[in-house]
Structure formats: C-alpha cells, structure tokens
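> quick one: sequence and predicted model below, then my questions.
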Amino acid sequence: MAELTNEEIASLVQTTAAEYRIDHMDLPELRVPPESVRRDGEWYYVAVVAAQRPARAYPYYDHLRALESRMQDEHDLDVVLVPARAA
C-alpha cells in the first residue's frame with residue numbers, strides 16, 4: 001500500500017469507527033485529530049478522543065482493539081489506537 005498522509009490515516013480510522021458503531025452503539029463517537037497520528041516503521045499510532053466518556057473502560061478498550069483488527073483486515077494497516085482526552 002502506498003504511504004498515506006496523517007489526514008488520510010485519521011480519516012480512515014474515523015470512517016471505520018463510524019461504520020463499526022452501526023453494530024456497536026456502546027462505542028462513543030470518536031474524533032481523530034490528524035496531528036495525533038505518528039508513524040514508526042510500518043505501524044501507525046493514533047490518538048482517539050471519545051465524544052463522551054465511556055461508561056466502562058474495559059469494553060471501550062475491547063472496541064478499540066476490534067477497530068485495530070478491522071483496520072488490518074479491511075485496509076491492510078497496522079494501527080494502534082491510543083485513548084486520549086480532549087484538550
């Protein structure tokens with residue numbers, strides 16, 4: 001896959017999360033600032049900000065892990081989603 005810009009990675013993560021939320025409404029809406037994307041080799045580290053604080057941490061982390069898997073399966077991207085707080 002061609003090298004993607006931070007904006008493209010952020011958009012892919014946000015779009016994939018929105019599609020995932022259709023079946024998993026307990027995942028809060030995620031905002032992905034392009035400036036939060038960091039690349040290390042073939043891996044992208046992406047800070048995601050939940051629109052509202054998740055009721056429980058562990059299910060939220062499970063959803064993020066499922067999104068990482070979906071990014072790998074659908075887009076062939078190695079992504080680590082890092083929960084962040086809104087500034």
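Perfect, I can see it now. Treat the numbers as computed from the prediction; the structure is a model and nothing was measured.
> quick check: what element follows the biggest helix by length in the chain along the chain?
Once the chain is assigned using DSSP state H, the helix that runs over the most residues is helix 57-75. For helix 57-75, the following helix or strand on the C-terminal side (DSSP states H and E) is strand 78-84.
> tell me what the host helix or strand of E19 is packed against?
In this structure, E19 sits in helix 6-21 according to DSSP H and E. With contacts taken as 3 or more CB pairs under 8 Å, 6 or more residues apart in numbering; DSSP states H and E, helix 6-21 sits against strand 30-31, strand 37-40, strand 43-50, helix 57-75, strand 78-84. Every C-beta, even on glycine, is put in place using the N, C-alpha and C of the backbone.
> switch the cut-off to 7 Å
Packing contacts for helix 6-21, counted by 3 or more CB pairs under 7 Å, 6 or more residues apart in numbering; DSSP states H and E, involve strand 37-40, strand 43-50, helix 57-75.
> deepest in the core, which of the ones you listed is it.
Comparing the helices and strands packed on helix 6-21 by mean neighbour count (mean count of other CB atoms under 10 Å), strand 43-50 ranks first with a mean of 18.
> can you give the contact residues for that strand?
Applying CB atoms under 7 Å, 6 or more residues apart in numbering, the external contacts of strand 43-50 come out as 9, 13, 28, 30-33, 36-38, 77-86.
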